[in-house]
Structures are given as structure tokens and as C-alpha cells.
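> only geometry, no sequence info:
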């Protein structure tokens, strides 16, 4: 498995609404006759390029997409990497950098029964990514994040059975603790490759999107 590319320097951090609009535009622009697997590769490639340009909002999207594929492929990192393309697996170094940079005060966390909608500048994150942000901020000395993390971890056991993504937070936490005083170690590929769910077309460089437009 190819090592992930270096973490790009942060230039901007687009909120979730802007990322979702642009990803939807890119998805609509893909050629309809290509396979589902190739559509995933090209769409991820466009978001990866935006992240490599320094927009960490697209890094959040790539992070979750990588974990979604991992869940669908039973944790087979080799297959995930084959679909995403060499060097595009969203490893711990990328996750750590982004989790540390998310503005915690702009994370949208709806309460039970809350009918409000997120602000346009909010970050709407899956629960496991929020836990990763809390951990990164707590390790950085933020007392509010530490308190929020402790409260959230108290609910972890009850939630684990119903949330397939929580294991990715636990992996993030384990790697964080393991690499506090040393370099990060990328996860090892699965020993037994799983059969892919779609055809396996030859990987190709995704088409670059037309001039990016703001929503």
C-alpha cells in the first residue's frame, strides 16, 4: 500500500454546506455510463485535490468517505486504497491535522427534538468525527473539549452497537496515544483481501473539475 501524501498546509476550512454543494455539482457532472466504483474514485479524487490545495473542509469529506468504504469492504484497507487510488488513503496524520483544526465552537450538534437547521458556516460532522475533534482539542489543553469528551465517552458503550463508525474513533484514539512520543504508523492492510462489490476498472486520474464555484 502506498504511503499517504503529506498533509497540506491549511489555507481555508470550508463549512459543510459549501462542501456538500460542490460535491453534489461534481457528482452530477460525472459521465453516467462509468461504473459505480469509477464514479467513487473520480469524485473522491476531485475532493482530494481540493484538500491538497489546502481546504480542510474537503479533507473532512474525504475522511468520512474513506471510512464509509472501509465499513462497506469489511475493513479491507487494500481494497479501499485500490478504489480511492494509490496514496489517497486518509491516514492518521491527515485525521490528526484536521481534527486539531476544526473550530469546535462551529460544530453543529442538534439536541433531541431540536428543529433548527445548521448555520451556513457550521460544520455538520458524524458523531465519531466529533469525538476525534474533542480528543484532539483536549490533548491540546482545551478544558471544554476535555469535559465534552468525558461526557461523550460515558455514552460510548451504549452507542457502539448501533454506530459502525465509532470503531474509527477508537482507532484514532489508539493511534494518538501510541504516537504521542513518536511518528504515526499507518494501519496494516488486511491479510485476506475481500471481494470488491463492483467491477474493477483500471484506475485513472480523475478529471479535474471546471473552475470551482462558490455555492
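Ah, there it is. Note that the structure is a prediction, hence the values are computed from the model and not measured. Numbers count the residues shown, from 1 in each chain.

> what does the pLDDT read for the residue lying closest to residue 6 once chain neighbours are set aside?
Of all residues not flanking residue 6 in the chain, residue 93 sits nearest, at 8.0 Å (CB to CB, 6 or more residues apart in numbering). C-betas here are computed from N, CA, C, even on glycine. As predicted, residue 93 sits at a pLDDT of 94.

> tell me which element residue 93 is part of?
helix 92-101 (DSSP states H and E).

> that helix: which residues count as buried?
92, 93, 94, 95, 96, 97, 98, 99 (16 or more other CB atoms under 10 Å).

> the first one contacts residue 172, correct?
By that I understand residue 92. Yes. Between residue 92 and residue 172 there is a contact under CB atoms under 8 Å: 6.9 Å.

> so which residue is smack in the middle of this structure?
residue 63 (1.3 Å; CA atoms, centre = their mean).

> so who does the nearest residue to it once chain neighbours are set aside touch?
Leaving aside its sequence neighbours, residue 63 sits nearest to residue 90 (CB to CB, 6+ apart; 4.9 Å). By CB atoms under 8 Å, 6 or more residues apart in numbering, the contact list for residue 90 reads 4, 59, 62, 63, 65, 66, 67.

> per-residue pLDDT, residue 90?
Residue 90 is given a pLDDT of 94.

> residue 110 versus that one, what's the distance?
As judged by CB to CB, to the nearest Å, residue 90 and residue 110 stand 26 Å apart.

> also residue 34?
In terms of CB to CB, residue 34 sits 36 Å off from residue 110.

> same question for residue 60.
Separation of residue 60 from residue 110 (CB to CB) stands at 18 Å.

> figure out how far the next helix or strand after the helix holding residue 93 is from the centre of its chain.
Per DSSP H and E, helix 92-101 leads on to helix 127-139 as the next helix or strand towards the C-terminus. The chain centroid and the centroid of helix 127-139 are separated by 13 Å under CA atoms, centre = their mean, to the nearest Å.

> avg pLDDT for helix 127-139?
95.

> what residues does it touch?
Outside helix 127-139, the residues that reach it (CB under 8 Å, 6+ apart) are 60, 63-64, 67, 95-96, 99-100, 102, 104, 107, 109, 125, 144-146, 148-149, 152-153, 159, 163, 165-166, 168-169, 172-173, 176.

> what's the following helix or strand past it packed up against?
Using DSSP H and E, the next helix or strand after helix 127-139 towards the C-terminus is helix 143-153. Helices and strands touching helix 143-153, by 3 or more CB pairs under 8 Å, 6 or more residues apart in numbering; DSSP states H and E, are helix 127-139.

> give me the low-pLDDT residue ranges for this protein?
1-5, 113-115, 157-162, 181-215 (pLDDT under 70).
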